[in-house]
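> Compute the structure for the input listed below.
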Amino acid sequence: MRTVRLVDVAERAGVSIKTVSNVVHDHPYVRAELRARVQAAIDELGYRPNLSARRLVTGRTGTILVAVTSIDVPYFGDLCQRLDRAVRNVGMQIVIEQTYATRESESAVLDQRERGLVDGVIFHSVTLSAEELAAHRLGLPVVLLGEAPAPAGVDHVKMDNVAAAAEATASLLAAGRRRVAFLGHERRGLSHTTGQRLTGYKQAIKAAGMSLDRRLYLRVDDYSPESGRRAVKDAIERGIGFDAIMCRDDLLALGALHALADLGRAVPEEVAVIGWDDLSIAAHLTPPLSSIAPDKDALAGQATRLLMERLNGYHGPGRHELVPYRLIERASSAATDSTVRGRDAAGSDPR
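Down below sits the predicted model:
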């Protein structure tokens with residue numbers, strides 16, 4: 001089938017090639033009637049702009065690189081979909097690179113292995129420090145996502161993990177829970193994300209006038225449901241008592257629910273559970289899972305806006321922006337008669 005050319009669209013619409021070019025490149029000085037006529041011809045003929053030619057005219061590829069750990073992780077898969085929609089809304093497209101949380105892959109993203117193929121990068125780093133990020137000569141605009149510290153000169157969008165973890169933990173304490181475990185303490189060393197969430201958890205425990213118990217930091221090998229299941233089962237079998245679990249993320253919470261069911265521990269009557277990320281499955285678990293819900297649409301939208309401002313000429317200092325979150329309380333963390341009695345018994349401590 002013959003490729004549809006600019007001249008074919010011009011002939012069908014009864015306008016000049018220059019007018020078609022102006023419509024394709026979204027020049028503002030085209031009458032609405034002409035624009036509609038050209039667009040109708042484009043749609044009818046199935047014309048697709050020549051990207052190489054467009055790049056010569058605009059100096060842009062129309063493509064943004066989104067670099068995340070792995071789209072197998074539900075949070076990142078969901079976030080990439082939202083970024084795709086946000087970027088499409090400004091007339092561009094994304095390509096996705098998975099770094100698998102390796103230093104080499106993350107460094108390669110910033111070393112611009114893709115230079116010349118994309119216009120900018122939206123990057124969720126988990127291994128590089130602020131100093132390492134600053135040391136890279138960024139050849140393209142970059143917006144960082146997530147909890148890793150960002151250099152002062154680089155745009156960064158994240159949520160307040162410390163505040164969210166403190167709020168979730170405080171909600172468990174307010175419901176009468178007195179032994180709140182933290183599920184997600186990595187054996188290989190704390191990530192930036194886990195470190196901030198653990199800090200919020202500790203703040204809430206201390207604010208309630210309670211002492212920290214390191215036995216309640218339930219250690220995991222990774223963030224899979226199976227790792228969460230093993231950690232909770234092992235803690236219970238070792239006689240570590242708790243009546244609530246603050247989970248680093250929903251996948252670990254899923255494993256926690258599994259372990260509690262296997263061991264005959266009722267949720268929330270005996271143990272309350274709160275997850276993180278509010279994955280689509282959370283509301284459909286048994287019982288429905290309470291979870292911290294970051295505003296992922298805001299995260300995608302703000303990252304896209306900051307990157308487009310860089311592409312359109314902003315050269316100022318880095319903007320570091322927070323997106324909102326909500327604690328979605330469902331049945332897995334509901335107060336029960338026994339926890340309410342415990343809450344009302346001033347000074348009671350089941351330890």
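
> Spell out the residue ranges of the helices in this structure.
All helices of the chain, identified by DSSP state H, fall at 6-13, 17-24, 32-45, 51-58, 74-88, 103-110, 130-135, 161-174, 192-207, 225-237, 250-262, 296-311, 337-344.

> Can you say which of the ones you listed is nearest to Arg219?
Closest approach to Arg219 among the helices of the chain (Cβ to Cβ): helix 225-237, 6.2 Å. Using the backbone N, CA and C atoms, a C-beta is placed for each residue, glycine as well.

> contacting residues around that closest one?
181, 183-184, 215, 218-221, 242, 245, 247, 251-256, 258-260, 262-263, 265 (Cβ atoms under 8 Å, 6 or more residues apart in numbering).

> which residues sit against stretch 262-273?
Stretch 262-273 is touched from outside by 172, 175, 177, 229, 233, 236, 242-245, 247, 253, 256-257, 260-261, 287, 289-290, 331-336, 338-339, with contacts defined as Cβ under 8 Å, 6+ apart.

> Buried ones from the residues you listed, can you make that a ChimeraX selection?
Applying 16 or more other Cβ atoms under 10 Å to the contacts of stretch 262-273, the buried members can be selected in ChimeraX as follows:
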select :172,175,177,229,233,236,242,243,244,245,247,253,256,257,260,287,289,290,331,332,333,334,335,336,339
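
> As CSV, the helices of the chain with distance to Trp276 and mean pLDDT would be great.
Formatted as CSV, the helices of the chain follow (distance: least, Cβ to Cβ, whole Å; pLDDT from 0 to 100):
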stretch, distance to Trp276, mean pLDDT
helix 6-13, 50, 90
helix 17-24, 45, 84
helix 32-45, 44, 90
helix 51-58, 40, 58
helix 74-88, 9, 96
helix 103-110, 23, 89
helix 130-135, 24, 86
helix 161-174, 8, 98
helix 192-207, 7, 97
helix 225-237, 12, 98
helix 250-262, 6, 98
helix 296-311, 13, 96
helix 337-344, 21, 62
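
> Pick the most buried one from those.
Per residue and on average, the most neighbours among these fall to helix 250-262, with a mean of 23 (mean count of other Cβ atoms under 10 Å).

> residues in contact with the residue nearest to Leu279 when sequence neighbours are not counted?
Take Leu279 and drop its neighbours on the chain: the residue closest to it by Cβ to Cβ, 6 or more residues apart in numbering is Asp250, 4.6 Å away. By Cβ under 8 Å, 6+ apart, the contact set of Asp250 is 74, 275-279, 281-282, 289, 291.
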